[in-house]
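Visitor: Sequence first, then the predicted structure, then my questions.
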Amino acid sequence: QYKIEYGIYCLLGIILCGFNTFIPAAMGQFINMFNVETTYSAMLKFIFLLLLLYVGKEIVCYVNKILYIRIQTNAAFSLNFEIVNHLKKVSPLVIGRTDLSYLSQRINNDANDVLIFFISSLTELIFSVFSAGIILFMIWKMDSIAFIVTMFLLALYFFIYIGFKKRIYNCSYGMKEEKSNFFSRLQEQLEKIEFIKIHSMGSFFSNRLVASYQKLYRSIFKQQATIQAFANLEGIVGAISVCILLWIGGKKILTGDMQIGYFYMISVYFNMILEYGKEIVAYGQEYQEAYVSFERIKSILEIKEQSKGCIRLNEIKQIRIQDLNFAYDQKETIKSFSTNLKKGKVYGLKGENGCGKSTLIKILMGMYVDEYQGNIIWNDTEMRNLDMDYIREHVISVTEQEPTLIADTIYNNIALYRKLDVKCIQRAVDCFGDSILKRDNWDLQINEKSSNISGGEKQKIAIIRQVVQDGQVMIFDEPTSAMDES
């Protein structure tokens, strides 16, 4: 989605590689100027050239970082958006089995990890390999022994990484899982504060959070100990290599076989190779961590979406239910149920708690279209062949048992951002005669938890919005359970 910006970002990265490679060479040549007779004006020209190189590098670096932030932020939102849209098409039964706080943390963290790896780590790997190739060629041209030491170092880095690769992956996977679980427990503490207070469950929930933290701590410690051991081995190898280089270069300077400027260039380039080597090896570590995130995102995107037919109905004459069976996680809720619902009739469902009244309503609305057995025929069409998204939007109106309100005004919760006849809404509101629903209060903001209105008021708003939508099939799921008799 961001090909042009990414292309510019890569181009600027190549330019930065050029600056990083050319500046040490220019500095080495500046030092070598003093081995021969030179003029003051020539020195000033060289200093001015170095200044231009340093300033140019910083400007390109600034633009590159700003562009990176732009790409990474927008791409992360796009990926989160795609995953969430996919989950909207998944059966509510699947989502209902998942801890939503855990899922939210997992989606956001994994999406960012994958994109940061691709935009930053993978791109920098390409730049590192490109720059390392140029620098290795320059070191080889200046001193073959230094070139051999450098190649030996890179090979050693590679074998160290191979030895740590699998362990880093396993530790990273465990840490990410425990991190998501911990934030889920943390969210639980906040969401159930009132319940915890009412039932004096403070100690129990605190112990749950502490236990989750201890698992997270152990997983973080294990991961970081592995990564640190890997980094320390890198450091030891690098230190030994630097000392070997100093010995080789110092000996050649003492014997007059090398100018100090070239020694400076080799030293700087060798340190750059060390850094590039670390980046190349670190890429392997980052790859393992990002691969964990990628696999977790992939597992979400592979969750099967609900079936969706293509037939749209605009008029409903009857709904026939034939031998309907349904079970929640192997627990049979509806068994061999049949009935015929006709246009112009009012039907009621009566039964004990848990007998399947609300479940039947959700099945009729197409919420569990892949999970029921039997037939549900709208007019003459089996429900599995219908576009139930269209039907829910244009044909069905519903009041849920526990209505959900949006953190917005009373009016927007009634209209749901549709263009409706205000007089129609007013007539529906007048049926209740509730002061909070009067037109003067339509701009009242309902908060995120809907805690600034009562349960009965929530149900009245839900009934009003259902009535003004004027659906052909109107479904009420215990719509007055929170209201008083008056």
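Guide: All right, it came through fine.

Visitor: And stretch 171-188, what's buried?
Guide: 171-185, 187-188 (16 or more other C-beta atoms under 10 Å). The C-beta positions use only the backbone N, C-alpha and C, and glycine is treated the same way.

Visitor: Now it: average pLDDT?
Guide: Mean pLDDT, computed over stretch 171-188, is 84.

Visitor: contact partners of that stretch?
Guide: 99, 101-102, 105-106, 109-110, 205, 208-209, 212-213, 215-216, 218-220, 222-223, 226-227, 288-289, 292-293, 296 (C-beta atoms under 8 Å, 6 or more residues apart in numbering).

Visitor: tell me the phi and psi of residue 337?
Guide: Dihedral pair for residue 337: phi -100, psi 130, per degrees, to the nearest 10.

Visitor: Next, count neighbours for it.
Guide: When neighbours are counted by other C-beta atoms under 10 Å, residue 337 registers 16.

Visitor: Can you name the residues bridging to it?
Guide: residue 324 (DSSP bridges).

Visitor: List the contacts of it.
Guide: Contacts for residue 337 (C-beta under 8 Å, 6+ apart) come out as 321, 323, 324, 325, 360, 374.

Visitor: centre of the chain versus the longest helix seen in the chain, how much separation?
Guide: Longest helix of the chain, by residue count under DSSP state H: helix 202-254. Here the centre of helix 202-254 is set off from its chain's centre by 27 Å, with C-alpha atoms, centre = their mean, to the nearest Å.

Visitor: for stretch 413-421, same thing?
Guide: Distance, centroid of stretch 413-421 to centroid of chain: 32 Å (C-alpha atoms, centre = their mean).

Visitor: repeat for stretch 158-172
Guide: For stretch 158-172, the distance to the chain centre is 25 Å (C-alpha atoms, centre = their mean).

Visitor: Low-confidence stretches in the protein?
Guide: 277-278, 281-282, 285, 485-486 (pLDDT under 70).

Visitor: For it, which segments count as helices?
Guide: Going by DSSP H, the chain shows helices at 3-32, 40-88, 92-96, 100-116, 123-142, 144-191, 193-198, 202-254, 260-301, 357-364, 388-394, 410-415, 422-430, 455-469.

Visitor: okay if I get those helices as a markdown table plus distance to residue 350?
Guide: Below are the helices of the chain laid out as a markdown table (distance: least, C-beta to C-beta, whole Å):
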| stretch | distance to residue 350 |
| --- | --- |
| helix 3-32 | 60 |
| helix 40-88 | 33 |
| helix 92-96 | 25 |
| helix 100-116 | 33 |
| helix 123-142 | 64 |
| helix 144-191 | 33 |
| helix 193-198 | 31 |
| helix 202-254 | 38 |
| helix 260-301 | 40 |
| helix 357-364 | 8 |
| helix 388-394 | 25 |
| helix 410-415 | 29 |
| helix 422-430 | 27 |
| helix 455-469 | 19 |
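
Visitor: Which of these sits closest to residue 315?
Guide: helix 388-394 (10.6 Å; C-beta to C-beta).

Visitor: Next, find the distance separating the closest residue to residue 375 other than its chain neighbours from residue 372.
Guide: Nearest non-adjacent residue to residue 375, counting by C-beta to C-beta, 6 or more residues apart in numbering: residue 322, 4.3 Å away. Between residue 322 and residue 372 the computed distance is 11 Å (C-beta to C-beta, to the nearest Å).

Visitor: More neighbours: those two, which one.
Guide: Using other C-beta under 10 Å, the more surrounded residue of residue 322 and residue 372 is residue 372, with 21 against 14.

Visitor: Phi, psi for that one please.
Guide: According to degrees, to the nearest 10, residue 372 has phi -90, psi 160.

Visitor: what's it in contact with, if anything?
Guide: 324, 325, 326, 334, 363.

Visitor: what about 10 Å?
Guide: 321, 324-327, 334, 359-360, 362-364, 383-384 (C-beta atoms under 10 Å, 6 or more residues apart in numbering).

Visitor: coming back round to it: just name the closest of the contacts of residue 337 to residue 397, please.
Guide: So of the contacts of residue 337, ranked by how close each gets to residue 397 (C-beta to C-beta), first place is residue 360, at 17.2 Å.

Visitor: residues touching the nearest residue to that closest one once chain neighbours are set aside, list them.
Guide: In space, not counting the residues next to it along the chain, residue 360 is nearest to residue 334; the distance is 6.3 Å by C-beta to C-beta, 6+ apart. Contact analysis of residue 334 by C-beta under 10 Å, 6+ apart lists 321, 324-328, 355-357, 359-360, 363, 372-374.

Visitor: Neighbour-wise, give me the winner out of the residues you listed.
Guide: Busiest of these [other C-beta under 10 Å] is residue 363, holding 23 neighbours.

Visitor: how near is it to residue 164?
Guide: 52 Å.

Visitor: same question, residue 12
Guide: 32 Å.

Visitor: swap in residue 5?
Guide: 34 Å.

Visitor: Looking at these two now, which is surrounded by more residues?
Guide: With neighbours defined as other C-beta under 10 Å, residue 5 and residue 164 compare such that residue 164 has more, 20 against 16.

Visitor: Can you get me a residue count around the nearest residue to residue 184 once chain neighbours are set aside?
Guide: Leaving out its chain neighbours, the residue that sits closest to residue 184 by C-beta to C-beta, 6+ apart is residue 102, at 3.8 Å. For residue 102, the number of neighbouring residues by other C-beta under 10 Å comes to 19.

Visitor: Contacts only, for residue 102.
Guide: Residues near residue 102 by C-beta under 10 Å, 6+ apart: 177, 179, 180, 181, 182, 183, 184, 185, 187, 188.

Visitor: let's go with 8 Å and repeat that
Guide: 180, 181, 183, 184.

Visitor: same thing with residue 460?
Guide: For residue 460, counting by C-beta under 8 Å, 6+ apart, the contacting residues are 432, 434, 437, 483.

Visitor: What about those, which one has the most neighbours?
Guide: For these, the largest number of neighbours (other C-beta under 10 Å) sits with residue 437, at 24 neighbours.

Visitor: out of everything not next to it in sequence, what's closest to that residue?
Guide: Nearest to residue 437 is residue 429, by C-beta to C-beta, 6+ apart, at 4.8 Å.

Visitor: go on, residue 90?
Guide: In this structure, residue 90 finds its nearest non-sequential neighbour in residue 303, 5.3 Å apart by C-beta to C-beta, 6+ apart.

Visitor: Quick check: the gap between residue 174 and residue 289.
Guide: 12 Å.

Visitor: got any residues that touch both of the two?
Guide: Joint contacts of residue 174 and residue 289 (C-beta under 8 Å, 6+ apart) do not exist.

Visitor: picking up where we left off before, mind giving me the packing neighbours of the longest helix of the chain?
Guide: Applying 3 or more C-beta pairs under 8 Å, 6 or more residues apart in numbering; DSSP states H and E, one finds that helix 202-254 makes contact with helix 144-191, helix 260-301.

Visitor: Which one of those helices lies nearest to residue 477?
Guide: helix 144-191 (23.6 Å).

Visitor: relative to helix 123-142, how tilted is that closest one?
Guide: Put simply, helix 144-191 runs at 160 degrees to helix 123-142, going by axes from the mean of the first three to the mean of the last three C-alpha atoms, to 10 degrees.

Visitor: Helix 144-191 versus helix 100-116: what angle between them?
Guide: 160 degrees.

Visitor: quick check, distance from helix 144-191 to the centre of its chain.
Guide: That offset, for helix 144-191, works out to 20 Å (C-alpha atoms, centre = their mean).
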